[in-house]
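Enquirer: Predicted coordinates and the sequence they were generated for:
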Amino acid sequence: MPNDAVSRSSSSHSSSSSSASDMPNDAVSALASNSSSSASPSRYSDIWNYLWVPLFISYTKELSLAKAEPTILLPNQIVPESPRCVGPSPKLNYRPVIGILSHPGDGASGRLSNATNASYIAASYVKFVESAGARVIPLIYNEPPEILFEKLDMVNGVLFTGGWAKTGLYYKVVERIFKKILKKNDAGDHFPLYAICLGFELLTMIISKDQNILESFNATDQASTLQFMENTQIEGTVFQRFPPDLLKKLSTDCLVMQNHHYGISPERFEDNQNLASFFKILTTSADEDNKVYISTVHAHSYPVTAFQWHPEKNAFEWGLSMIPHSEDAVQVTQHVANHLVSEARKSLNRPPARRVLDNLIYNYSPTYCGKAGKGYDEVYIFT
């Protein structure tokens, strides 16, 4: 290229570069605008660099929360490794039968039957046992002894009910059955006994060998708590499988029903060597006058539990005003029933099925006495 052409080109470029400040303002603005527009991808990249870190942290937190909250799956949404239908244990009896001893009278102070030989079992005790998976054979206290004890040999456990009879034939029958139960256990047959209210009182009299050991208490139609003895061990007792929160509520909420005039104080109990060596105290309660009495005991060496309170009433009786019917109270009933039947399943006794069927409580019909009685809704009457 000729020198003058190079000179002109160089001069023209220099003039263009150095004279930007000589441009009009609107031209400068236009140039700046064009420059900004061409740089916008870089600006958005800078903004994204600022935003992606907090967005990532937020997303990570949401994932963590989702993992922390377990998803509840329906059975058909779970694919098991293999089916597990475990067979029954040959050591357990899955068809247990409980014998319930009848009590003198008709359960309604003669309003339903005035027969002198009448005896009854409140239906609530039967439902209590059935609710835990067992059947019932009534042990009619004034039957001929050979029939009564033949029935005792058909059952896997016994329940003594509440009531009033503490003397005469009834006392003697309770004593004979109790001694028979101890012999069964001593011979290796795990044979449980539940004694409720009157049953508790009768065992106290029989074991202590003192007909006058009971004291007066004011605990009729009363809801109460159960206060556990300090440092008591509940393993192997009726309370072992209670959920911890329900155990706590037993001592703070009135979840159990008391309905008795008699009982025994911890002091008198401990003073009697026969009682102290046979039973350990699990709980105490206080009556309306704030007098403390023993409310639950468990035998040291036998599957024998005695309750001064009524575990059967919460779910199955409605006649008395102070019976607790809350969900927690009903759970108490269920756990106590479950313990009795779980103990009865350990019994070795396997009587012929036909004999059991012939003697089940289903051979009798309950009588509604809610309108005429003194607290029971239904009773089985035997004459």
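Expert: That came in fine, so what should we check first?
Enquirer: Can you classify residue 222 as helix, strand or coil?
Expert: strand (DSSP: H, G, I helix; E, B strand; the rest coil).
Enquirer: For it, list each beta-bridge partner.
Expert: Counting by DSSP bridges, residue 222 is bridged to residue 258.
Enquirer: So it is in contact with residue 286, correct?
Expert: No. Using CB atoms under 8 Å, residue 222 is not in contact with residue 286, being 9.5 Å away. All C-beta atoms are positioned from the backbone trio N, CA, C, and that covers glycine.
Enquirer: what about the two, which has more around it?
Expert: For residue 222 and residue 286, the more surrounded residue by other CB atoms under 10 Å is residue 222, and the numbers stand at 20 against 17.
Enquirer: wait, what's in contact with the more buried one?
Expert: Counting by CB atoms under 8 Å, 6 or more residues apart in numbering, residue 222 touches 257-259, 287-288, 322.
Enquirer: Residue 116 too?
Expert: Contacts of residue 116 by CB under 8 Å, 6+ apart: none found.
Enquirer: Are we agreed that it is in a strand?
Expert: No. Assigned with three-state DSSP, residue 116 falls outside any strand and is coil.
Enquirer: Quick check, pLDDT for it.
Expert: On the pLDDT scale, residue 116 is placed at 94.
Enquirer: Tell me the spacing between it and residue 347.
Expert: 35 Å (CB to CB, to the nearest Å).
Enquirer: Which stretches in the stretch 201-350 of the chain count as strands?
Expert: 215-224, 227-228, 256-263, 279-286, 292-299, 304-307 (DSSP state E, counting those that start in this stretch).
Enquirer: Compare those and give me the one nearest residue 371.
Expert: Nearest of the strands of the stretch 201-350 of the chain to residue 371, taken as CB to CB: strand 215-224 at 18.2 Å.
Enquirer: Now do that closest one and strand 279-286, the angle between them.
Expert: 70 degrees (axes from the mean of the first three to the mean of the last three CA atoms, to 10 degrees).
Enquirer: In strand 215-224, which residues are buried?
Expert: Under the neighbour-count criterion of 16 or more other CB atoms under 10 Å, strand 215-224 has 217, 219, 222-224 buried.
Enquirer: And for stretch 342-354?
Expert: Of the residues in stretch 342-354, those buried (16+ other CB under 10 Å) are 342-347, 349, 351.
Enquirer: Among those residues, which one sits closest to residue 375?
Expert: Nearest to residue 375 among the buried residues of stretch 342-354, with distances taken as CB to CB, is residue 344, at 27.0 Å.
Enquirer: And the pLDDT for the closest residue to residue 154 other than its chain neighbours?
Expert: Closest residue to residue 154 apart from its sequence neighbours, by CB to CB, 6 or more residues apart in numbering: residue 351 at 4.3 Å. Note on residue 351: pLDDT of 91.
Enquirer: Next, the contact list for residue 351, please.
Expert: Neighbouring residues of residue 351 by CB under 8 Å, 6+ apart: 97, 153-154.
Enquirer: From those residues, pick the one nearest residue 177.
Expert: Minimum separation from residue 177 among these (CB to CB) is found for residue 153, which lies at 11.6 Å.
Enquirer: all helices for the chain, in order.
Expert: For the chain, applying DSSP state H gives helices covering 3-18, 25-68, 123-130, 145-152, 168-186, 198-208, 244-252, 266-271, 273-278, 313-316, 327-344, 353-359.
Enquirer: I'd like the distance from the last one to the chain centre, please.
Expert: This points to helix 353-359. 32 Å (CA atoms, centre = their mean, to the nearest Å).
Enquirer: in it, what's buried?
Expert: 356, 359.
Enquirer: Could I have the CA atoms of it written out in PDB?
Expert: C-alpha atoms of helix 353-359 as PDB (Å, rounded to 0.1, in the frame of the first residue of the first chain):
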ATOM      1  CA  ALA A 353     -63.100 -80.900  74.000                       C
ATOM      2  CA  ARG A 354     -66.600 -82.500  74.400                       C
ATOM      3  CA  ARG A 355     -66.500 -82.100  78.200                       C
ATOM      4  CA  VAL A 356     -65.500 -78.500  77.900                       C
ATOM      5  CA  LEU A 357     -68.300 -77.700  75.400                       C
ATOM      6  CA  ASP A 358     -70.900 -79.300  77.700                       C
ATOM      7  CA  ASN A 359     -69.900 -77.100  80.600                       C
END
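Enquirer: What is that helix packed up against?
Expert: strand 135-139 (3 or more CB pairs under 8 Å, 6 or more residues apart in numbering; DSSP states H and E).
Enquirer: What are the contacting residues of the strand it packs on?
Expert: Residues from elsewhere that reach strand 135-139, judged by CB under 8 Å, 6+ apart: 95-102, 121, 125-126, 129-130, 148, 151-152, 154-155, 158, 177, 356, 359-362, 364, 380, 382.
Enquirer: Also stretch 285-296?
Expert: 215, 217-219, 222, 224-227, 238, 256, 258, 263-266, 269, 281-284, 305-309.
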